[in-house]
Each structure stands twice: as C-alpha cells, then as structure tokens.
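# coords please:
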Amino acid sequence: MSMAATAWNRQLAGQLAPGGIEIERLAARVGSTPFFAYDRQSIQRRIGAVRAAMPPDVGLTYAVKANPMPALLQHLSGHVDGFDVASGAELRHALDTPIPASRISFAGPAKQLPELRQAIAAGVTVELESEQELARVRSASAELGIAARVALRVNPDFTVRGSAMRLGGGPQQFGIDSERVPALLGTLADSCLDFQGFHVFAGSQNLRAESICEGQQRTVEMVLGFLDCLPGPVRYLNLGGGFGIPYSSRDQPLDLGLVGENLAALMAELIRPRLPDARVVLELGRYLVGEAGVYLTRVVDRKQSRGKTFLIVDGGMHHQLAASGNLGQAIRRNYPIAVANRLDEPAVETVTVVGALCTPLDLLGADVELPVAQIGDLIAVFQAGAYGLTASPTAFLSHPAPIEVLV
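Sure thing, here's the model as predicted:
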C-alpha cells in the first residue's frame, strides 16, 4: 500500500482501521457495503498542519462542494473559520452549523433568484460572478430591504501552472473578467449593497508549491490594482486554494511549508500595509478531507478471463466515479487501493478490480498488485474523502446508495 494510502489512515491487527475501528467491525457497524468512512482525527491533523504552516492571521475556509456530508460539516465547524458553498442546499447545511452566516460565502455561476434571496436574508456573502447576477442581487436586496453582503469573484488574466482544473484565466464561466472589474466597482456604492471584497480562485488540485506561490503573488498584485476604484474598504479577501493531494504513486505531496512562507511574506509586505481591514482566507476543500476518506466495497466474485484475474465488487463508479478515471483524468491512473482486511499480507498477484455495473467503464483498479483476495474480503479505495459520492452518478443502473460514516 502506498504512502498516500497510509498517511491518514490507521491500522490494527493487519486491518485498516478508520477512526481506530477494525474494518470488519466497522463494516458490521455500518450494516452493509459499499460505504464511505471519513476519519475525523485525520481531518483534524491536516487542519493542524495547515494552521502551523500558514501565517496566524490567515483564516481557513472549507469548500463545502468537496464533501457536503452534514455530520462532516458539523465536525469541521469547530475547526475552520468559515464555509464556502455553491448551492442553496449547501447553504442550508452550512447554516445548520455553528459557523456564523457572516463567515459563509456563496459562489457559483448560476445562482437562481430564490437562492440569492435565501443568501441575502441569511446574511452570507454573495460572490458575484457576472454583471447580470449583480443586477439580480440588487433587485432582491431592495425587495427584502436588506443590504446584501457582496464580493466580486474575479477571473484573473493569468493562469496558475500545474492546476489539474483551471478556474481562472482566459474565457471562463467563473467570475468577472479582471479588466471589467474597475468599471463595475464604481457601480457598487449604494444602499442595497454591502461591499466586502474579492474572491479569486484560479485553479484546483495543484501539487506544485511554486505555482501556487506565484498565483497568490499575482492575485494580490491584481487586487491592489483595484484600490483606486473601491466603493469602500476591502474587508474580505479570499485567495482561493487549489492545494492538491497525491492520487497515484507518481504524485509528490505538496510542499506546504513553502506555500506558508510565501504567504507570510505577502501578508507582511503587501496585504497588511495596503489592505489593513481585510479578513484574508484560504479556501480549501479536497486538501482538508480528501485523504481522510476511504471507500469500502466487498468482493462478490473472482473471475479468470483469458489469463487475467478480475475481482468483482459490490460497489463501483456509480459511487466513486473519480477512481474509475471518468471524472477529468486525461490519462487514467489507479487510485491507491488495498485489501482492507489483509494489510499484513504480501502483494503476490496482479488483479483488476471492477464494479457491479454493466459497463467496461466501471473500473476501480487496473492491473494492481494485491494480496490474494477471496470472496467476502473488503477492498479499500483511498483518497475518497472529496468529490466521491456527490460527484458520482448514483442513479446509474439503480443500485442502492452507499452509506457515509464519520468515525
């Protein structure tokens, strides 16, 4: 099993032990397979590592889209400084936690009018993605008689190298093009709006610390270029995140220390002198919870086909689409995978792990070296804490939905 697979999960007596519970016992407690297990102590350790590496006056916001499980949000609410949501449903879950509404931001390119009214009434910060959205917010704010808290999401004129998914630079559905921002800022000084600041999120799943540092530097310089156009002081600056996690043996973990050192210099030299009132935050999702999750599925058949061994399991891509390679991988690579109840046994055979669906796309592990797994054994697919269940086609072929547990 790779270092990526073991970094945030515990083992007992040769068994994987999320939350310190042997996996067979946890499976009995859950009652059925497949299921997702999220290890709260792993999450807390990761948050602690981020806090230790970053400047103390930089806040930590959780991107709910990474994993919106309500129990997980309740747990995270005691360890992060805010939430960023991307839908009305995510907003309701966030508002159910102790996180104050003033520390919740709402991003996304297609917010509907009922969602905007919901956000304005709750007092969360609406991150404006277009001029038309601004018009809808202004109208809803006047109708409700509440000054909407707003920030501009800016689409920068640069890209961040090394990001697996680019959310800024060039034409984008996300944010307002940076060259249009100065003119738009001049229209925000009215009683219907409570201007907060800016949100810039240029890319995600980046393992190159140097690229993240460069992106943060350029983001700060861009925002400082808007100072002469502001309708009021900048009280909120979301620098985005994009911190990646390793998904294959070829990936090297992010150098968190280098990112923290660069951000400390930016805070001291540029942000605090020029933006003294700004609450500066990093928005992280996958980096906080991705490695703390594991997807467990049970072997229901072993099959030989023309010299190849298949392990057929009761789960699959309908629950964990990303591991199948069908969620944005240009070249498919196996996620870390193990026989969860045989961790102390040597990997002596090469097998392909496939799911229960009637499609050759339902592939969880291609030609992986594992201990000999028998019918009834549990297969663990790691790095499953983010963009797992809610990013998967759960209705495909009408199989039962998996359970999620926080342990």
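
# what sits up against the longest helix along the chain?
Counting by DSSP state H, the longest helix found in the chain is helix 209-224. Contacts with helix 209-224, where a contact means Cβ atoms under 8 Å, 6 or more residues apart in numbering, come from 154, 156-158, 160-163, 178, 198, 200, 202-203, 206, 234, 237, 239-240, 242-243, 254-256, 258-259, 262-263, 266, 270-271, 274-275. Every residue, glycine included, has its C-beta placed from N, CA and C.

# count of neighbours near the nearest residue to residue 146 once chain neighbours are set aside?
Sequence neighbours aside, residue 120 is the residue nearest to residue 146 in space, at 5.5 Å (criterion: Cβ to Cβ, 6 or more residues apart in numbering). Residues lying near residue 120 (other Cβ atoms under 10 Å) number 24.

# Of all the residues in the helix or strand containing residue 120, which ones are buried?
In this assignment (DSSP states H and E), residue 120 forms part of helix 113-122. Residues of helix 113-122 classed as buried by neighbour count (16 or more other Cβ atoms under 10 Å): 115-120, 122.

# Reformat these as TSV; add pLDDT and distance to residue 312.
Shown next, in TSV, are those (pLDDT from 0 to 100; distance: Cβ to Cβ, whole Å):
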residue	pLDDT	distance to residue 312
115	97	42
116	97	47
117	97	49
118	97	44
119	98	45
120	98	50
122	98	47
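
# for those residues, which one is nearest residue 311?
residue 115 (43.2 Å; Cβ to Cβ).

# so how far is residue 107 from that closest one?
12 Å (Cβ to Cβ, to the nearest Å).

# returning to what we had before: tell me which helix or strand comes right after the helix holding residue 120.
strand 125-128.

# Relative to the whole chain's centre, how far out is that following strand?
19 Å (Cα atoms, centre = their mean, to the nearest Å).

# Centre of the chain to the host helix or strand of residue 294, how far?
Assessed by DSSP H and E, residue 294 sits inside strand 293-305. How far strand 293-305 lies from its chain's middle: 26 Å, per Cα atoms, centre = their mean.

# low-confidence ranges in the protein?
Under the criterion pLDDT under 70, the flagged ranges of the chain are 1-10, 160-171, 330.

# which stretches of it form helices?
Using DSSP H, helices in the chain cover 3-6, 23-30, 40-53, 70-76, 88-95, 113-122, 131-144, 181-185, 209-224, 256-266, 272-274, 286-289.

# buried ones in the second one?
Counting neighbours by 16+ other Cβ under 10 Å, one finds that the buried residues in helix 23-30 are 23, 26-27, 30.

# May I see the PyMOL selection of the buried members of the contacts of helix 209-224?
Command for PyMOL that selects the buried part of the contacts of helix 209-224, burial taken from 16+ other Cβ under 10 Å:
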select buried, resi 154+156+158+160+162+163+178+198+200+202+203+206+234+237+239+240+242+243+254+255+256+259+262+263+266+271+275
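
# ok, back up a step: pick the most deeply packed of the helices of the chain.
helix 286-289 (a mean of 27; mean count of other Cβ atoms under 10 Å).

# so what secondary structure elements neighbour that helix?
With contacts taken as 3 or more Cβ pairs under 8 Å, 6 or more residues apart in numbering; DSSP states H and E, helix 286-289 sits against helix 40-53, helix 70-76.
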